[in-house]
Each structure stands twice: as structure tokens, then as C-alpha cells.
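> Below is the sequence, then the predicted model.
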Amino acid sequence: MKTLDEEATARREAMVDELIAGGHALRSDVAAAFRAEPRHVYVSRFTRSHQVDGEWESEEVNDAHPEWLAEVYRDQVLLTSTWPAMSSSTVPSIMADMLDALDTRAGMAVTEIGAGTGYNAGLLGRLVGDENVLSVDVAPELVSAAQAALQAAGHGRITVVCGDGASAGVVRPDSTDRLIATCGVSSLPNAWRNAVRPGGVIVAPFGAGVAVLDVDEQHGAQGRFLPIGAWFMQLRPVDGAPLMPRPDDPEGPKEPCAMPVSAWNDDEFTFLVSFRLSLADILTDASPDALTVWHRDGSIATITADGLAGQAGPRQLADLLGRLWNDYQAHARPSRDAYRIAVTADGVHTVIAGCAGGDWVICPPYAE
């Protein structure tokens, strides 16, 4: 009978083989880091959801559960903490793509925004050396747990600090060669660009994608998006993000909507939507028959399968989605890898999609 370490090693090897076969962890050093780093040390428990008689139920899986190790070494996200500090262990294939794009070399200084479980920091330590990794998280309880897990995994020299990851007081200017975020943003914090030395790289979830940006001499940044979908928990301020209650359903007559409900299943379209409606400001409730979208400002729209929509609030969400759907089709439905992003030294963002008929300027993001 295998020991825990032996079984974990075997499952880890199998997971990495599957990642490589799927086109992930293409850099040999990234693959080697995944083969060596014990994910199970960072996720001794997590919550998984499954359907029972059509209803979703949650179940906690811990290291005493017979399926714990098998679940840990699958290519899946693991929800490790809910309220008040929500955290998860990211899908390994997405982590691998981001680490491939980060383009690290041994001895480089790397800053991570969003310590989470500590697993990604451990991988970074294997890539550049533990003493060169700084990981930041806004939640004290997550920082403590990540520090303990990193210590248990042999990474006692990695620095994990509690603070605002968008603050120049935490992420100091010209302090790092690479910056990677494991939380989503709708605009790139100035502190991140200023922290990265000219010639450095930022890899960060932006909208519903992952941006890879090169930092220039003036601390502007230009880059591309990875061809993968990515829905990360959003960057949280120190005092926490306010709750977003669902407004009352819209009343009054419904009107035709140019966007069909099925459009929400088009991952490339929802990527485009994420530039117009910040993921930090909207929530959705989707089914085959209807889609409801509501905004932090109190706006709400419900679009039904018969092509009609009701909307209310200061932002006409159904009209906005309809215009975006028409534009998306008119520009031949560009995919993520057709998009480019540029951020000037004073923080002005521009997003452009390269289309067959010429560039489509989708910027500034979130403009009506």
C-alpha cells in the first residue's frame, strides 16, 4: 500500500502529464515546478458542489475523505474559503498558462497579488528562488494560512504580507521584475505598473481574460490576452467590497432585445461584455429560458428566450447588451487572442480587437 507522499507524487505526475498533453506547462521549468510542488499541503480541505435531485448541495472534503487526494490533483478549481474571506485554489492549467507567460528566470524578483492558499507562491519559489518571492493578500486569515502551508511545504523564505495589493505602500515602485495577480481587475492599478521595472512583465486577470503586458521605460504597459477564459475573484479593497443585493425585478412592458439569451453561453462574447460591465459590479442569474443581469448601481435587466427584455434603473442593461451583441457579430466575433491592450503611464487604458476589416477600438473600457 502506498504512503500518502507516494500516492500524492503519482497523482501529481499524472496531473502534469495531462497538463502538458493539453498544451499547458510548456516551459520545462514550469512543468518541473508543478511536478515538485505538493498541492495537497495547501488544500487540506475544500468545498465542492454537486446536484442532488436537481438541487445544488455543498459538501466539505478534507484530508480524511476517501476522494480528497484524487480531487486535489484534478485540473479543477477548489473553493477553500467562503465568508468573510473568499479564496480558492485556481485551476492548475490556468496557473500553468499564466506562469508560462510570466517568463521568469532564476533570481528574478516576483510579486504576487493574491496569496490565496499559497500554492502559486510555492510554484514561484521553485521558479525564481524562495527569497525572491513576495506574496500579498488583503485578508489576515488567508495570509496566516498561506504562511503555514508554505512553511510546511519547505518554503520558509517566501515573504507573505497582509495589505492592499493595489497600494504603492505595499507594492513599492521599481521593486520587482515580474508581477502576477491571482485576482481579477477591471483596470490595472497604477501601483502594479510602477512596481515593475522597465522591461518587466505583468500577468493579470483582466475582465474575463488574462492580460500579459510588457512594461516600458515610462511605466506604461502594452500587451495581449491569453486565449483562455478566466473568471477570477475580484481584487478586494482593505475594507472589503460591499454586498450587491438583487434589485426588484423590472416592471412595465417588455421590449425586443437584440441579444438572445443563448449569447450568454458564448465565452468570447462574455469576454467582450467584461470590458463594458466590470465583473466587480455585476451579478447574473442565467437559465436556458432567461438571463437576469444586475449592476451595483441598482440597474437590472431580464432577457427571456422569446427575445423580449424588461429593464430598470439608471443603466439600460438590456439595450447595452443588445448593442454589444450587434457589434460583436458585425466584427466577425473576434476571439480573445485578437485583442490587444495598452495602458499609458498616466493610467489611460485602450483595448483593441484586430478584425478582418481593421482594428475595432473597444476603449475606453466601461464607457457607455
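Cool, got the structure.
> pull the longest strand from this structure.
strand 196-206 (DSSP state E).
> what's that one in contact with?
Residues outside strand 196-206 that contact it (Cβ atoms under 8 Å, 6 or more residues apart in numbering) are 98, 101-103, 113, 174, 176-186, 188, 192-193, 210-217, 219, 221, 223, 225, 230, 232, 341. For every residue, glycine as well, the C-beta is placed using N, CA and C.
> at 6 Å instead, please
Contacts to strand 196-206, defined as Cβ atoms under 6 Å, 6 or more residues apart in numbering, come from residues 98, 101-103, 174, 176-181, 184, 192, 211-213, 215, 217, 230, 232.
> mean confidence score for that strand?
Average pLDDT, strand 196-206: 97.
> for stretch 349-356, same thing?
pLDDT averaged over stretch 349-356 gives 91.
> now stretch 157-164
96.
> And stretch 308-315, by the same measure?
Here the average pLDDT along stretch 308-315 is 95.
> how about that stretch as PDB, C-alpha atoms only?
Taking C-alpha atoms only, stretch 308-315 is exported to PDB below (Å, rounded to 0.1, in the frame of the first residue of the first chain):
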ATOM      1  CA  LEU A 308     -38.000  40.300 -25.000                       C
ATOM      2  CA  ALA A 309     -36.500  42.200 -22.100                       C
ATOM      3  CA  GLY A 310     -37.500  44.200 -19.100                       C
ATOM      4  CA  GLN A 311     -35.100  46.700 -17.600                       C
ATOM      5  CA  ALA A 312     -35.000  49.300 -14.800                       C
ATOM      6  CA  GLY A 313     -32.500  51.500 -13.100                       C
ATOM      7  CA  PRO A 314     -30.000  54.200 -14.200                       C
ATOM      8  CA  ARG A 315     -28.200  51.900 -16.700                       C
END
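> Show residues contacting it.
So stretch 308-315 is contacted by 250, 254, 257, 295, 297-303, 317-318 (Cβ under 6 Å, 6+ apart).
> What residues sit buried inside that stretch?
Applying a neighbour-count criterion of 16 or more other Cβ atoms under 10 Å, one finds Ala309, Gly310, Gln311, Ala312, Gly313, Arg315 buried in stretch 308-315.
> so what secondary structure elements neighbour whichever helix or strand comes after the longest strand of the chain?
Using DSSP states H and E, the helix or strand that directly follows strand 196-206 along the chain is strand 209-215. For strand 209-215, the contact count by 3 or more Cβ pairs under 6 Å, 6 or more residues apart in numbering; DSSP states H and E identifies strand 196-206, strand 221-225 as packing neighbours.
> Show me what counts as buried in the longest one.
So the one you mean is strand 196-206. The neighbour-count check on strand 196-206 (16+ other Cβ under 10 Å) flags Val196, Arg197, Gly200, Val201, Ile202, Val203, Ala204, Pro205, Phe206 as buried.
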